[in-house]
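Visitor: Based on what follows, work out the 3D shape:
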Amino acid sequence: MPSYTEENYLKAIYKLAEASPGLDVSTNSVSEALQTRPASVTDMLRRLGEKGLLNYQRYRGVSLTPEGKRLALLTIRKHRLWEVFLVQQLGFSWDEVHEVAEELEHIQSPLLVQRLDEFLGYPQTDPHGDPIPAADGSINRARHRLVADLAVGEEGTIVAVRSTAVPFLQYLDKVGLRLGSQLKVIDKIDFDNSLEVSIDCQRKQMLSAEVSRNLFVAG
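Guide: Residues are numbered from 1 along each chain as shown. Alright, predicted model coming up:
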């Protein structure tokens, strides 16, 4: 089993590769993501390469091997299942769960993960709308659109958020935007690309370009 630190590295590399498909992940980007000194990152990447979890060549970036990807997805699976549990069963809000799930994701018990999935009713997404990898490592990525890409008159249901930063999630709570909210674009302001939208056909709200670039809709 990989260590706590090794799981964090594999998960970070997977997410960085996901954000830039087809490109190797640089040491500097891993260093920034984990807030760790580049020299320490290089040592860990070399170690993971020796374990067969990474394709590593110094100065050329890294990519996950099939086994490294499997372990990264398993860690992500555990993290997202625990987020669902914390929200549904313990009353955490969606802006409170990330740090707690960061600790729980490292529990090494396949049976516990299996029972947790069963108990929750086999959820497909976490509280932020991110897909939960299946036990076999497969992941179902639905096609969603950014609110920023909607034209005037178009509408959709909020199904996921791109950013899980606490201030952003708290802002959404403050203005009454959550997964399942129905949005319709009433107007788009050319000056700053902000949007005027209706929420659940009941009230209007202005959304900044930054907010609209961090909300996904279906429909």
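Visitor: Leu48 sits in which helix or strand?
Guide: Using DSSP states H and E, Leu48 falls within helix 38-50.
Visitor: Please save the CA atoms from that helix in CSV.
Guide: C-alpha atoms of helix 38-50 as CSV (Å, rounded to 0.1, in the frame of the first residue of the first chain):
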residue,chain,number,x,y,z
PRO,A,38,11.1,21.3,-5.7
ALA,A,39,14.0,19.3,-4.3
SER,A,40,11.7,17.3,-2.1
VAL,A,41,9.3,16.7,-5.0
THR,A,42,12.2,15.5,-7.2
ASP,A,43,13.2,12.9,-4.5
MET,A,44,9.6,11.6,-4.2
LEU,A,45,9.1,11.5,-7.9
ARG,A,46,12.2,9.4,-8.3
ARG,A,47,11.0,7.1,-5.5
LEU,A,48,7.6,6.7,-7.1
GLY,A,49,9.3,6.0,-10.4
GLU,A,50,11.3,3.2,-8.8
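Visitor: any idea of the mean pLDDT in the top helix by length along the chain?
Guide: Counting by DSSP state H, the longest helix found in the chain is helix 66-90. In this model, helix 66-90 carries a mean pLDDT of 97.
Visitor: and stretch 73-88, which residues are buried?
Guide: Residues 73-87 are the ones in stretch 73-88 that count as buried (16 or more other Cβ atoms under 10 Å). In short, each C-beta sits where N, CA and C put it, glycine included.
Visitor: This structure: strands as residue ranges?
Guide: Assigned by DSSP state E, the chain shows strands spanning 54-56, 62-64, 145-146, 155-161, 182-188, 195-199, 203-207, 215-218.
Visitor: what sits up against the helix holding Leu48?
Guide: Residues from elsewhere that reach helix 38-50 (Cβ atoms under 8 Å, 6 or more residues apart in numbering): 5-6, 9-10, 27-28, 30-31, 34, 54-56, 58, 62, 68.
Visitor: Okay, angle between that helix and helix 66-90 too, please.
Guide: Counting by axes from the mean of the first three to the mean of the last three Cα atoms, to 10 degrees, helix 38-50 lies at 110 degrees to helix 66-90.
Visitor: Any chance of a ChimeraX selection covering the buried ones in the contacts of helix 38-50?
Guide: With 16+ other Cβ under 10 Å as the criterion, this ChimeraX line picks the buried residues out of those:
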select :6,9,10,27,30,31,34,54,56,62,68
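Visitor: Confidence-wise, which of the contacts of helix 38-50 comes last?
Guide: Lowest confidence among those: Arg58, with 78.
Visitor: got a list of what it touches?
Guide: Thr42, Arg46.
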